[in-house]
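Chemist: need the 3D shape of this:
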Amino acid sequence: MNKLKTGDEVIVISGKDKGKTGTLTKIKGERCLVSGIKLVKKHVKPNPQINEPGGIIEKESFINISNIAFYNSSTKKKDKLEINLDEKKGKIRVSKSTNKEVK
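Modeler: Okay, the predicted model is just below:
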């Protein structure tokens, strides 16, 4: 079960971008997009119908979700999350190292 959600701050734990942090943009199955991580160059043909110039553009590519971890900004380290039950709020995500709720 994946405990990460879009908008979470994550850190890359393996691969060519190891150690970089970014915001989780999109999750699609076991793959995810992280802002500023795994930038690839794509060759684009010009499209006169929508006035798009051709050339080489840089865009983000999907990375496997097993290669990222939740980044705790207060401790400046990666962290694990657990799901606790709260009587008022229901299920909440809690950081294991600091025992604080993650939004």
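Chemist: can you give me the buried ones in stretch 25-34?
Modeler: Of all the residues in stretch 25-34, those buried under the rule 16 or more other CB atoms under 10 Å are Ile27, Cys32, Leu33, Val34. To be clear about C-beta, it is placed using only N, CA and C from the backbone, and glycine gets the same treatment.
Chemist: so which of these belong to strands?
Modeler: Among those, the residues falling in strands (DSSP state E) are Ile27, Cys32, Leu33, Val34.
Chemist: and those, which is closest to Pro46?
Modeler: Distances from Pro46 to those, taken as CB to CB, are shortest for Leu33 (25.7 Å).
Chemist: ok, that closest one to Glu82 distance?
Modeler: With the distance defined as CB to CB, to the nearest Å, Leu33 ends up 25 Å from Glu82.
Chemist: kindly state the beta-bridge partners for the spatially most central residue of the chain.
Modeler: For the chain, the residue nearest the mean C-alpha position is Leu24 (2.6 Å; CA atoms, centre = their mean). Leu24 forms beta bridges with Val34, as assigned by DSSP bridges.
Chemist: hang on, it packs against Val12?
Modeler: No - checked against CB atoms under 8 Å, the pair Leu24 and Val12 is beyond contact range at 11.3 Å.
Chemist: overlap in contacts of these two?
Modeler: In terms of CB atoms under 8 Å, 6 or more residues apart in numbering, Leu24 and Val12 are both contacted by the residues Val34, Ile68.
Chemist: how about the nearest residue to Val102 once chain neighbours are set aside, secondary structure?
Modeler: Once flanking residues are discounted, Val102 sits nearest to Arg93: 4.4 Å by CB to CB, 6 or more residues apart in numbering. The three-state assignment at Arg93 reads strand, by DSSP: H, G, I helix; E, B strand; the rest coil.
Chemist: touching, Arg93 and Lys3? I think so.
Modeler: Yes - counting by CB under 8 Å, Lys3 is a contact partner of Arg93 at 6.1 Å.
Chemist: brilliant, that's me finished.
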